[in-house]
Structures are given as C-alpha cells and as structure tokens.
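Chemist: sharing a sequence plus its predicted fold:
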Amino acid sequence: MKFKLHQSNFLEALKSVQGVVGSRSASPVLSNVLIQAEGDDLIFTTTDNEITMRYTCKAEVSEAGAITLPVKRLTSIVSVLSDQIVEVASVSGQDDAVRMTCGSYRSKITGISADLFPKIVKPENGYTYKLDQANFKEALRKTHYAAATDDSRPVLMGVLLNFADAKLTCVATDGRRLALFWMEVDFPPEHACDVVLPARAVRELLRSLDKGELRVTIQGTQIIFEYGDHFFSSTLLNGTYPNYKQVVFSDCENKIKINREEFIAVLHRINVSTTPTTNAMRLTFEDNVLTIAVTSPDVDEATDTVTIKYNGPSIVAIFNPEFMLTPLENLTSDEVTIELNNASSPGLIKDDTNFLYVIMPLRV
C-alpha cells in the first residue's frame, strides 16, 4: 500500500471516524482505523461491532492495499504535522506497519493486519428513505435530550424514528418529559415502521450531519445512513417503545407567549439556586408577567420575573427548571408558546416549527 494526500485531508478523515472508537475496546483491532487504498480513493473505517463509521476521500494511490492503525495515536500524530503532503507506504515484508513522511518528519507506525478487522457488510435489501441532512439533524437536536439516561428501560435511552403517514416523527422521552419533532417524507405506505436509534448513534449523527441528501436504509436490526462522504451504520435498540400518542396532546386552554432568550436567561439565574434535592421552581403566570421562584437551604429563596404575553386567569405551576431549560436551548425561534390547562396538568412548549414538548408538573 502506498498513497499521498494533504495533511488537512488526512486529519479530516481521521476526525470523521475516530468518535466511534471508545476508550476501552473489546479487541485491540477495534481501537484501530481500517485504511483501504484503492483506485484514487482512501476509505477510513472504524467500528465497535455495534456502530460503524466509514469516510471516503480522494488521494494519490500508487499501490493498493489495506492496514489498520491505532486511530487515536494516528490522529494525534497527523494533527501536529506540517501543512504539507503526507506520504504513507507499507513496510516491505510486513502487513502490520507503515512508514509515514511529511516534510522533514519520518516515522514508522505499527498496527494490525487488515485481515483481522471485522467485515462490514452493507444490507442489500430493506426500507430506504431520502431525507434532508439539515432537517434530520434539526429533528435529532430538538428531541434527543429528553431520552432517558438510566438503563432501567433501555429502549427509552434512544430516539424513536416513526415513519408513517408520509411523515418522519422523532420522539424522545424519559417518562417525565417528551420531545417530538416531525417532518414530511415521501415514501411508500408499506414502508411505514418504528425503530429506536441508540444515543451513541444520535451523538455521532449530530456531530457529522451537514447539508445535502441523506439516504436512510432500515433492515432488520440495522440502520444505515449515507451522506456526503460518510457511511454510518448502527444496531437498533430492542424493545417496544411506549405509545407516545397517548401522551401528546395539541392544545390547552391557556396560551402564554414569551421571548425565548429572555426566558432562558431567567431560568439560568433561577437554576443556580437549586440543589439536587430542591430542583423545583414555582411559576406564577399573571397578566403579562411570569414570576419564577425557588426555595432551597442554600439561598432560602430566589425569585425573578420576565415579561410575557398573557391575559388570563392566574396559574401557579411547579416544574423542574432543567427540564424546562433544555428544550429552549435547543430551539432557535425568537418566541415560544407555553400552554397549560391548570396547575396540575402537563405543560406544553411549542415554537414556530413542527416541534412539541410535554413536561409533567412536580408534586411538592
């Protein structure tokens, strides 16, 4: 194997795939990146046997071949090389080592034979959907934070992708709150299905998705995303996701409009006065003003106010400040709407997109 490419392109490729590799791998080869040189392409692949990332870039390949090299160490080396062409060539008589040069820099790096890297097989059948990268990234960004973080119900630790009725609906919930975002998608009715994307896969997609077309293929327990120079696959979560439609409702009697950034600022000020045992805030909605208060042993009491657009009955509700703050920080609208029926009912947060957030009140 022998190839050349610019240092910046080499580093971009390594950064695109290194996130899949954890700090502790079940097998040494899973800490490595598979580099395949063929034609005028370099193909970089990492996997942990559950998720796989592949990135393809152009290079000057003078001799085809493949090897696996420690991805973290290789990324560290390439990141400090000079802004020049990097040359990589196999060591004669060895299938597990290469020599790398860049300007005055010379090194020998030992890896593991490519023959020991897991075989990555792309499913040949399955349901395929074409999405817009930016729209799908927005859907994940507006919902993923509401997923559970404990493994008491593993299926809740992911994001539900519900393909039905010419729509993709993304849902995340931990049982105390629920975030939902939907987008129109054109696909045959017989391709309707539900799958749950693991949190690690969501994080990787949020990092790497950009603009352009996204091709999604679902087959059995696998989901594949193809976009730009990326190929990303993940094992889906097992289990039956709760019927989110039983939780979601679209309207409440009382609607309050509020500037999102002003609300965030107030919530931040209030949130620093809470503790893990006193993480409840009292919201009092009155004519055009919202008063937020918390009581804790550390500060006794803290209050703040923010202007709202509301003319209705006084409502006092108690919510977790972090649960109310997180969705607001993942939205971009200037104004959001809070909807309530009464003090004991769930609250709704909406913006000017296809977004809906349900938050359950606290009992104190």
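Modeler: Thanks, I have it.

Chemist: surely residue 331 and residue 142 touch.
Modeler: Yes: counting by C-beta atoms under 8 Å, residue 331 does reach residue 142; the two are 6.7 Å apart. Every residue, glycine included, has its C-beta placed from N, CA and C.

Chemist: more neighbours: those two, which one.
Modeler: Between residue 331 and residue 142, counted using other C-beta atoms under 10 Å, residue 142 has the larger neighbour count: 24 against 21.

Chemist: not counting sequence-adjacent ones, nearest residue to the more buried one?
Modeler: residue 181 (4.6 Å; C-beta to C-beta, 6 or more residues apart in numbering).

Chemist: and the one you found, what does it touch?
Modeler: Counting by C-beta atoms under 8 Å, 6 or more residues apart in numbering, residue 181 makes contact with 138-139, 142-143, 169-170, 353-356.

Chemist: now name the helix or strand holding residue 140.
Modeler: helix 133-141 (DSSP states H and E).

Chemist: what's the overlap in contacts for residue 331 and residue 142?
Modeler: Contacts common to residue 331 and residue 142, judged by C-beta under 8 Å, 6+ apart, are residue 355.

Chemist: that older thread, what sits up against the helix holding residue 140?
Modeler: 159, 168, 170, 181-183, 202, 205-206, 209-214, 227-228, 330, 353.

Chemist: can you name the next helix or strand after it?
Modeler: Assignment by DSSP H and E places the next element after helix 133-141 at strand 159-164.

Chemist: mind giving me the packing neighbours of that next one?
Modeler: Packing partners of strand 159-164 (3 or more C-beta pairs under 8 Å, 6 or more residues apart in numbering; DSSP states H and E): strand 167-173, strand 193-197.

Chemist: for residue 237, find the nearest of these.
Modeler: Residue 237 sits nearest to strand 193-197 of all these, at 4.1 Å, using C-beta to C-beta.

Chemist: please compute how far the closest one lies from its chain's middle.
Modeler: 15 Å (C-alpha atoms, centre = their mean, to the nearest Å).

Chemist: helix or strand right after it?
Modeler: Past strand 193-197, the next helix or strand by DSSP H and E is helix 199-208.

Chemist: tell me the helix or strand right after that next one.
Modeler: Following helix 199-208 in sequence, per DSSP H and E, is strand 213-219.

Chemist: and that next one, which strands flank it?
Modeler: Looking at strand 213-219 with DSSP bridges, its partner strands are strand 127-132 (antiparallel), strand 222-227 (antiparallel).

Chemist: just name the most buried of those.
Modeler: strand 222-227 (a mean of 20; mean count of other C-beta atoms under 10 Å).

Chemist: what's in contact with that strand?
Modeler: 122-123, 126, 133, 161, 195, 197, 201, 205, 208-210, 212-218, 231-236.

Chemist: same thing but 10 Å
Modeler: Among residues not part of strand 222-227, those counted as contacts by C-beta atoms under 10 Å, 6 or more residues apart in numbering are 51-54, 121-123, 126-128, 131, 133, 136, 161, 195-198, 201, 204-205, 208-218, 231-236.

Chemist: hang on, the earlier thing: buried members of the contacts of helix 133-141 into PyMOL, please.
Modeler: To isolate the buried members of the contacts of helix 133-141 in PyMOL, using 16 or more other C-beta atoms under 10 Å:
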select buried, resi 159+168+170+181+182+183+202+205+209+214+227+228+330
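
Chemist: before we move on, back to that, and the helix holding residue 140, what's buried?
Modeler: 133, 135-141.

Chemist: what do you get for stretch 239-246?
Modeler: Neighbour-count burial for stretch 239-246 [16+ other C-beta under 10 Å]: 241-242, 244.

Chemist: ok, stretch 34-51 next?
Modeler: 34-37, 42-48, 51.

Chemist: pLDDT check: weakest of those?
Modeler: For the buried residues of stretch 34-51, the weakest pLDDT value sits at residue 48, with 93.

Chemist: how about it, what does it touch?
Modeler: Here residue 48 is in contact with 20-22, 25-27, 30-31, 118, 200, 235 (C-beta under 10 Å, 6+ apart).
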